[in-house]
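1. would you be able to build a 3D model of this:
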Amino acid sequence: MTHVGKCFCGAVELKVDGAPEAMGYCHCSSCRSWSGGPITASSLWKPNAVRISAGAKHIASFQKTPLSRARP
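-> Numbering: from 1, shown residues only. Here you go, the predicted structure:
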């Protein structure tokens with residue numbers, strides 16, 4: 001099975017194949033701040049199962065705090 005996801009503006013699309021390796025929920029203050037909600041759900045996938053199918057040129061990194069970093 002292939003799952004398709006997009007960013008909020010639709011400029012970037014990704015596809016993941018198969019089933020996630022793990023799934024979970026987080027209630028920490030950092031995740032609540034990032035999501036704007038009281039809880040976040042996440043899934044972990046093997047790197048070779050994930051591909052950027054559109055908009056790769058729009059992907060960059062972002063560091064919200066000195067202890068966090070999001071990158072492609």
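2. what residues of the least confident helix or strand in the chain by mean pLDDT count as buried?
-> When the helices and strands of the chain are compared on mean pLDDT, DSSP states H and E, helix 29-35 comes out lowest with a mean of 85. With burial defined by 16 or more other C-beta atoms under 10 Å, the residues of helix 29-35 counted as buried are residue 31. (Glycine included, C-beta is placed from N, CA and C.)
3. immediately after that helix, which helix or strand?
-> Under the assignment DSSP states H and E, the closest C-terminal helix or strand after helix 29-35 is strand 40-44.
4. so which bits of that next one are buried?
-> Applying a neighbour-count criterion of 16+ other C-beta under 10 Å, one finds residue 40 buried in strand 40-44.
5. pLDDT averaged over it - what is it?
-> Taken as a whole, strand 40-44 carries a mean pLDDT of 93.
6. who does it pair up with?
-> The pairing partners recorded for strand 40-44 under DSSP bridges are strand 22-26 (antiparallel).
7. pass me the low-pLDDT residue ranges in this protein, would you?
-> Segments of the chain classed as low confidence (criterion: pLDDT under 70) are 69-72.
8. next, work out how far apart the most centrally placed residue in it and residue 34 are.
-> Among the residues of the chain, the one closest to the centroid is residue 42, at 7.7 Å (C-alpha atoms, centre = their mean). Counting by C-beta to C-beta, to the nearest Å, the separation of residue 42 from residue 34 is 11 Å.
9. next one: residue 54
-> Noted for residue 54: a distance of 23 Å to residue 34, by C-beta to C-beta.
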